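**Student:** I need the structure of the sequence given here:
(2 chains)
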Amino acid sequence: MEYVIELKNIDKEFKVLNRHEGLKGSFQDLFSRDYKVIKAVNNVSMKIKPGEIVGYLGPNGAGKSTTIKIMTGVLQPTRGEILVNGQIPYKNRTSNAQNIGVVFGQRSQLWWSLPLIESFKLLKDIYGISDKDYKEMLALYESLVDIKELYSKPIRQMSLGQRTLSDILAAFLHNPPIVFLDEPTIGLDVSMKAKIRNLIKALNKEKNTTVILTTHDMGDVDALCERIVIIDKGTMLYDNDINHLKSFFGAYRTLKIKIDKHAEELSQDIRDKEKEQIENLLKEGFEAADFTVGQDEDFYSILIDESQVHLMKVLQYLQEKIKIYDVLLEEISTESVIRKIYEDAENLKKKE
Amino acid sequence: MKRLGFYLKIYRKIVIQSFKSKMSYRSDFIISMIGMILTDISELLAFYIIFLNFPSVCGWTYYEMLFLYGFSLVSLTPLQCLFDNNWHLRHYVYDGDFIKYCFRPIDIFFYYISEEFDTKGIGQFLVGMGTIIFAWNKLKLPVTFINVLAMIVALFTASLFMIGIMNFAAATCFFLTNSGYVMVTMNKFRDYAKYPVTVFSTFFKIVFTFIIPIAYIAYYPSLVVLRPDHIPVLTWIAPAYGILFFFLSYKFWMLGANKYSGTGS
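**Tutor:** Down below sits the predicted model:
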């Protein structure tokens, strides 16, 4: 099998009642047959190879969850073809469930009042894991994270980080070919985030598990994903590897300048004024170019499209106008690239 | 569909584990148990006071009524202990958290229901058994193998009806946004289960026999031992009807679960 997941022109539509306003409208709605069709997923196609970690990104309400529900067999697509592990997921939810692992949302899927090891034992029975595989998996877990001390702890007494860790381990326990992780690092502290990322990476390497990861945290993307798929308003915007993404927007670079010696002592009002001043200066100096100016701790960051104007020219120009104490140059971050993609899609929509 | 043995094995493990974890919160365990027993005993007192003033209700004596009451308590125990999670169903559905039950390779209804084991019902079971045995003695009912077997079948049948009713009520949340009152209303009906259906008017007799079959929770099954000379046809069909009713409620529940698609996240 060349691909573990294959989606071909998948559409998913929902019927939503057109609601009327006011009390009278509510009564109308009671008898109304006035439905409108909302396309949550629009002509999405993708092929995913075994062992890939795919970052599935998009703003809230973009259709990420819907696509994942289709891939896990919970939802049936309105149109299009889908194969997961060579099966049509919605036709046989249970046998599809045997071959996937899912961590969905922030609510634990483990038995709330049971100690972790008892949850694992139940999962062993439910998925029919052999004693040998089960022991091997636990040994692997123990070598990767300090899980032993959590075994006797009920889920309800765990911290969010411990719970997330447990849920991820539970999802990999039956060694499924595919694991879906929905925002696995949300709400976690920095060290826990790093721990979870390392764990996902290690399990993916060790077991060659395909991981589909949705997230809003670009740290996750940078640490884990070689390939990203971006979706917005149900339509795919981007599907390629992450290096390509950066070179695609390679013309962008960020110039950071510090113009106050003791910036931390200045009030926000003054800082805002200074930012505006920089924006105005840039507008006067380079009429044809677009800039995005932001404030980043002591620095002001200026996103420059180098196909429009060269970064050094901007620096030279600014230096003549204002006193600059310190300068930093940065390649564009994944986060800015993705924001750019969202914004471009938005602008395109407006033009249409 | 996986084999019954598979589910029984998993279910046994879950129940043992949840029982253990419930016991570990000792004071909580004891207080909830005492609370349940007190509620049941206060109802028994109300019974006693009524019968201080009336020697019988529609031809039913005090001890016969006690028997029915005890019977209804025991037959409600499985619902209380094993199907309590139905009460939370609408919250899961409303918040979109129900989706988490859709990702395991097992029956969704089983997975959902098995998650919660409520120990409160045990106190109720003890009070119910005590009441039945007390009434049984006072009524001088014979203790024969047939009678005991009939009681077990009757209790089992009665449980299926109450569970079925609550399954139907809980599953309405898949179709209605504000389904809480359906469950509360249906739960109220179980208070009527402890009265012989003959005390109701014809209209309610039909409703409680065929539409919301609470008459099967105590009345029809217990006739086997209480009035062995006049057993109506409805009592004989009760076990089969009970299984069918439970099966239909399961189908209705699953219909809702399959319609469910979460609210996005």
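
**Student:** can you list the residues of the stretch 101-250 of chain B near chain A?
**Tutor:** By CB under 8 Å from any CB of the partner chain, the residues of the stretch 101-250 of chain B that approach chain A are B:102-107, B:115. Quick note: C-beta positions are derived from backbone N, CA and C, even for glycine.

**Student:** for residue A:147, phi and psi?
**Tutor:** Per-residue torsions, residue A:147: phi -100, psi -20 (degrees, to the nearest 10).

**Student:** my bad, residue A:253
**Tutor:** Residue A:253 adopts backbone torsions of phi -140, psi 160, taken as degrees, to the nearest 10.

**Student:** okay, now it: neighbour count?
**Tutor:** Per other CB atoms under 10 Å in any protein chain shown, the neighbour tally for residue A:253 reads 18.

**Student:** where exactly do the helices run in chain B?
**Tutor:** Under the criterion DSSP state H, chain B carries helices at the ranges B:4-24, B:26-53, B:62-82, B:89-95, B:108-114, B:120-138, B:145-171, B:180-189, B:202-206, B:219-226, B:233-259.

**Student:** closest to residue A:220 out of those?
**Tutor:** helix B:89-95 (24.7 Å; CB to CB).

**Student:** give me the buried positions along that closest one.
**Tutor:** Neighbour counts over helix B:89-95 (16 or more other CB atoms under 10 Å in any protein chain shown) mark B:89-90, B:92-93 as buried.

**Student:** export it to CSV, keeping only CA atoms.
**Tutor:** Output in CSV follows, covering the C-alpha atoms of helix B:89-95 (Å, rounded to 0.1, in the frame of the first residue of the first chain):
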residue,chain,number,x,y,z
LEU,B,89,-25.6,12.3,27.8
ARG,B,90,-27.2,15.6,26.8
HIS,B,91,-24.2,17.6,28.3
TYR,B,92,-21.8,15.5,26.2
VAL,B,93,-23.8,16.0,23.1
TYR,B,94,-24.4,19.7,23.7
ASP,B,95,-20.7,20.5,24.3
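
**Student:** quick revisit: make CSV from the helices of chain B and add mean pLDDT and distance to residue A:161 to it.
**Tutor:** Listed next are the helices of chain B as CSV, based on pLDDT from 0 to 100; distance: least, CB to CB, whole Å:
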stretch, mean pLDDT, distance to residue A:161
helix B:4-24, 86, 22
helix B:26-53, 82, 27
helix B:62-82, 87, 33
helix B:89-95, 86, 22
helix B:108-114, 91, 26
helix B:120-138, 88, 33
helix B:145-171, 89, 34
helix B:180-189, 84, 34
helix B:202-206, 83, 56
helix B:219-226, 80, 52
helix B:233-259, 88, 31
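
**Student:** now distance to residue A:15 too, for those, in JSON lines please.
**Tutor:** Formatted as JSON lines, the helices of chain B follow (distance: least, CB to CB, whole Å):
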{"stretch": "helix B:4-24", "distance to residue A:15": "35"}
{"stretch": "helix B:26-53", "distance to residue A:15": "44"}
{"stretch": "helix B:62-82", "distance to residue A:15": "36"}
{"stretch": "helix B:89-95", "distance to residue A:15": "18"}
{"stretch": "helix B:108-114", "distance to residue A:15": "23"}
{"stretch": "helix B:120-138", "distance to residue A:15": "42"}
{"stretch": "helix B:145-171", "distance to residue A:15": "21"}
{"stretch": "helix B:180-189", "distance to residue A:15": "24"}
{"stretch": "helix B:202-206", "distance to residue A:15": "38"}
{"stretch": "helix B:219-226", "distance to residue A:15": "44"}
{"stretch": "helix B:233-259", "distance to residue A:15": "13"}
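
**Student:** which among these is found nearest to residue A:76?
**Tutor:** Closest approach to residue A:76 among the helices of chain B (CB to CB): helix B:233-259, 9.8 Å.

**Student:** just want the angle from that closest one to helix B:145-171.
**Tutor:** 30 degrees (axes from the mean of the first three to the mean of the last three CA atoms, to 10 degrees).

**Student:** just to revisit the earlier point, pull the most distant pair out of the residues of the stretch 101-250 of chain B next to chain A.
**Tutor:** The span of these, defined through CB to CB, is set by B:105 and B:115 at 16.1 Å.

**Student:** what's the neighbour count on the residue nearest to residue B:76 when sequence neighbours are not counted?
**Tutor:** Closest residue to residue B:76 apart from its sequence neighbours, by CB to CB, 6 or more residues apart in numbering or on different chains: residue B:162 at 5.7 Å. A count of nearby residues for residue B:162, using other CB under 10 Å, gives 29.

**Student:** cool, the one 3 residues further on as well?
**Tutor:** By other CB under 10 Å, 25 other residues sit near residue B:165.

**Student:** specify the beta-bridge partners of the residue in the stretch 201-350 of chain A positioned nearest to chain B.
**Tutor:** Of all residues in the stretch 201-350 of chain A, residue A:214 sits closest to chain B, at 9.4 Å by CB to the nearest CB. Bridge pairing for residue A:214 (DSSP bridges) gives the partners residue A:56, residue A:182.

**Student:** is it fair to say residue A:329 lies in a strand?
**Tutor:** Yes. According to DSSP: H, G, I helix; E, B strand; the rest coil, the state of residue A:329 is that of a strand.

**Student:** in contact with it, which residues?
**Tutor:** A:253-256, A:311 (CB atoms under 8 Å, 6 or more residues apart in numbering or on different chains).

**Student:** can we see that at 7 Å?
**Tutor:** Neighbouring residues of residue A:329 by CB atoms under 7 Å, 6 or more residues apart in numbering or on different chains: A:253, A:255.

**Student:** in the sheet, who's paired with it?
**Tutor:** Beta-bridge partners for residue A:329, by DSSP bridges, are residue A:255.

**Student:** quick one: it and residue A:205, what's the gap?
**Tutor:** 34 Å (CB to CB, to the nearest Å).

**Student:** kindly report the same for residue A:318.
**Tutor:** For residue A:318, the distance to residue A:205 equals 46 Å [CB to CB].

**Student:** the more surrounded of these two?
**Tutor:** residue A:318 (21 against 11).

**Student:** which residues touch the more buried one?
**Tutor:** Contacts of residue A:318 (CB under 7 Å, 6+ apart): A:257, A:281, A:324.

**Student:** can I assume the first one is in contact with residue A:298?
**Tutor:** Translated: residue A:257. No. With contact defined as CB atoms under 7 Å, residue A:257 does not count as touching residue A:298 (9.9 Å).

**Student:** that older thread, nearest to residue A:102, out of the helices of chain B?
**Tutor:** Closest of the helices of chain B to residue A:102 is helix B:108-114, at 13.4 Å (criterion: CB to CB).

**Student:** name the residues that touch the closest one?
**Tutor:** Identification of contacts with helix B:108-114 by CB under 7 Å, 6+ apart yields B:7, B:11, B:14, B:82-83, B:85, B:101-102, B:104, B:250, B:253-254, B:257.

**Student:** which residues touch stretch B:77-91?
**Tutor:** Contacts of stretch B:77-91 (CB under 7 Å, 6+ apart): B:112-113, B:115-118, B:120-121, B:124-125, B:128, B:159, B:162-163, B:166-167, B:170, B:173, B:179-180, B:183.

**Student:** could you do stretch A:117-127 as well?
**Tutor:** Contact with stretch A:117-127 is made by A:98, A:110-111, A:134, A:151-152, A:155, A:170, A:173-174, B:9-10, B:13-14, B:17, B:104-106, as judged by CB under 7 Å, 6+ apart.

**Student:** buried only: go through the residues you listed for me.
**Tutor:** Neighbour-count burial (16+ other CB under 10 Å) is assigned, among these, to A:98, A:110-111, A:134, A:155, A:170, A:173-174, B:10, B:13-14, B:17, B:104-106.

**Student:** helices of chain A, start to end?
**Tutor:** Under DSSP H, chain A gives helices at A:22-31, A:64-71, A:93-98, A:116-127, A:131-144, A:160-172, A:190-207, A:218-224, A:242-248, A:268-285, A:311-321, A:334-351.

**Student:** buried stuff in the last one?
**Tutor:** For helix A:334-351, the buried set under the neighbour-count rule, 16+ other CB under 10 Å, comprises A:334, A:336-342, A:345.

**Student:** noted, bye for now.
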